[in-house]
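# my questions concern the predicted model and sequence given below.
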Amino acid sequence: MKIILHNAWRSSASYRVRIGLGLKQLAFEYRTINTLQGEQFAEGYRAKNPMAQVPTIEIVPDVGAPVVLTQSIAILEYLEERWPELPILPRDPYQRAKVRILAEIINAGIQPFQNTATVKRVKALGGDDHAWVRPFVSEGLAAFARVAAETAGLFCVGDTPTIADCCLVPQLMAGRRFGAVLDPSCDALLAIEARCLALPAFANAMPERQPDAVPPVKS
């Protein structure tokens, strides 16, 4: 069996899936989709991902047809169900729901306002894309912090990393890129982030460690 991840180094949704694969200790082949150059719109890729987004994962068995999945949360849920060892969802139903709530605060409540297509449209309309993004990130993460406070331990829900942490760490990275100012209530999230980044699954998935990473421009 082979796992192929079509992704982009700075995409927060791609980053989530790289973390999940690391937590599951699943080796994968990294395939770059350069979203700034429009590679996601190529006919061959769009046949796999009609939304022309990243990531897309292909799970190729030794015999039979491959499984092709899009949308980062669906991919993470599939990894959990296919490989339940080293779980990234708690066993308790209430805690599982809390993980999903936290994931969707980011996935549905923050990330769509900062994705490449959105910020390009804002710029095309003459707006400041960073100024557009910042309040959505700041307010969304403050809400995330309030919800996480009810169940947090060492990580967002309890004392082991979950899908919620897979979403939090990339979102904090994106927030810094756009210059978002965090509410003091987010200090607990920064502590969780530090614990996450001490783990190989999170550290190895960091954007700057990916083969397609673009070095920062020196001033």
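On my side now, so go ahead.
# contacts only, for A142.
Going by Cβ atoms under 8 Å, 6 or more residues apart in numbering, A142 touches L182, D183, S185, C186. Heads up, the C-betas are built off the backbone N, CA and C, glycines and all.
# could you report the pLDDT at it?
pLDDT for A142: 97.
# which element is it on?
In this assignment (DSSP states H and E), A142 forms part of helix 129-148.
# spatially nearest residue to P50, not counting backbone neighbours?
Spatial nearest neighbour of P50, excluding adjacent residues (Cβ to Cβ, 6 or more residues apart in numbering): T70 at 8.0 Å.
# got a pLDDT number for the one you found?
With respect to pLDDT, T70 scores 98.
# distance-wise, check it relative to E85.
T70 sits at a distance of 24 Å from E85 (criterion: Cβ to Cβ, to the nearest Å).
# so which of those two has more stuff around it?
Between T70 and E85, counting by other Cβ atoms under 10 Å, T70 is the more crowded of the two (18 against 7).
# so that one bridges to which residues?
T70 forms beta bridges with T56, as assigned by DSSP bridges.
# verify the stated contact: it with A52.
No - using Cβ atoms under 8 Å as the test, T70 is too far from A52 to be in contact (9.9 Å).
# quick one: common contacting residues for the two?
Counting by Cβ under 8 Å, 6+ apart, T70 and A52 have no common neighbour.
# which one is L21 nearest to, not counting chain neighbours?
The shortest distance from L21 to any non-neighbouring residue, by Cβ to Cβ, 6+ apart, is to F28 (5.4 Å).
# can you check D129 too?
Per Cβ to Cβ, 6+ apart, closest to D129 is V119, 4.0 Å.
# please tell me how far that neighbour sits from H130.
8 Å.
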